[in-house]
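S.K.: Give me the fold of what follows.
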Amino acid sequence: PGTVALFMNGCSGDQNPQPRGTLDLAKHHGRTLALAVEAGLITPLKRPLQAPVKAAFERVDLAFATPPTRAQLEERLASKNIYEAGHAKRLLAILDHEGKLETSYPYPVQVIHFGGGIAMVALGGEVVIDYALRIKKELGKPAVWVAGYSNDVMGYIPSLRVLQEGGYEGVEASGGLNQQE
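M.R.: Residues are numbered from 1 along each chain as shown. Next up is the predicted model:
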């Protein structure tokens, strides 16, 4: 009673339930999630939050891959993939209006420490799990939650591993980056 529920998505840009693809499987995964929430509600807190709460927020320059040339964008306008053609059209409009494409993005990173033992790191965009694993290792706190989709959702944030895997996440969702970039 009196509890406010809060959901924070983790770094799940490359996470998918398996198997998947049917309504029955989606219902099964939904029931599994509901059971996990119910279990969490009846489990006593093992680590009460302690003071002080400290927070920091900063935007860091996240460099883009080398942007496509005007000729490459004009070629992509003819693509049968409506998303690729639409993206090329938007980038050409920026080129026409601004004279160049941006080379970086002011990426939001927020850290909140709850006392000495619990930390939360909030990252913008659709972040992959590799970032959560690295941050947890580097912070070395007993409990660290790394949340994606926080303070800004500008796009897909792949790791080098995901870029090298290719496919939708590694190429299309991250703007056509390749292994060398």
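
S.K.: Tell me where the model's unsure across the chain.
M.R.: With pLDDT under 70 as the threshold, the chain has low-confidence stretches at 47, 168-181.

S.K.: And the helices in it, which stretches?
M.R.: With DSSP state H as the definition, the chain shows helices at residue ranges 23-42, 70-76, 82-98, 129-139, 160-165, 167.

S.K.: closest one to Q110 among these?
M.R.: helix 129-139 (12.1 Å; C-beta to C-beta). No exception for glycine: its C-beta is placed from N, CA and C like everyone else's.

S.K.: Quick one: the helices of the chain as a markdown table, columns for mean neighbour count and distance to L123 too.
M.R.: As requested, the helices of the chain are arranged in a markdown table below (neighbours: other C-beta atoms under 10 Å; distance: least, C-beta to C-beta, whole Å):
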| stretch | mean neighbour count | distance to L123 |
| --- | --- | --- |
| helix 23-42 | 10 | 22 |
| helix 70-76 | 14 | 29 |
| helix 82-98 | 13 | 23 |
| helix 129-139 | 16 | 6 |
| helix 160-165 | 15 | 15 |
| helix 167 | 10 | 22 |
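
S.K.: Next, format the ones you listed as CSV and append distance to M120.
M.R.: Output for the helices of the chain, formatted as CSV (distance: least, C-beta to C-beta, whole Å):
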stretch, distance to M120
helix 23-42, 17
helix 70-76, 39
helix 82-98, 33
helix 129-139, 10
helix 160-165, 23
helix 167, 30
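
S.K.: so which of these gets nearest V111?
M.R.: helix 129-139 (8.6 Å).

S.K.: list the helices and strands the closest one packs on?
M.R.: On a contact count with 3 or more C-beta pairs under 8 Å, 6 or more residues apart in numbering; DSSP states H and E, helix 129-139 meets strand 118-123, strand 143-147.

S.K.: now what about the longest one, what contacts it?
M.R.: Going back to what we said before, that points to strand 118-123. By C-beta atoms under 8 Å, 6 or more residues apart in numbering, the surrounding residues in contact with strand 118-123 are 8, 11, 47, 49, 107-114, 131, 135, 139, 141-148, 150-151, 157.

S.K.: Go again with 7 Å.
M.R.: Strand 118-123 is contacted from outside by 47, 49, 109-113, 131, 135, 139, 141, 143-148, 150-151, using C-beta atoms under 7 Å, 6 or more residues apart in numbering.

S.K.: ok now do the nearest residue to E102 once chain neighbours are set aside, which residues does it touch?
M.R.: When the adjacent residues along the chain are set aside, E102 lies closest to F64, with 6.7 Å between them (C-beta to C-beta, 6 or more residues apart in numbering). With contacts taken as C-beta under 7 Å, 6+ apart, F64 has the following neighbours: 102-105.
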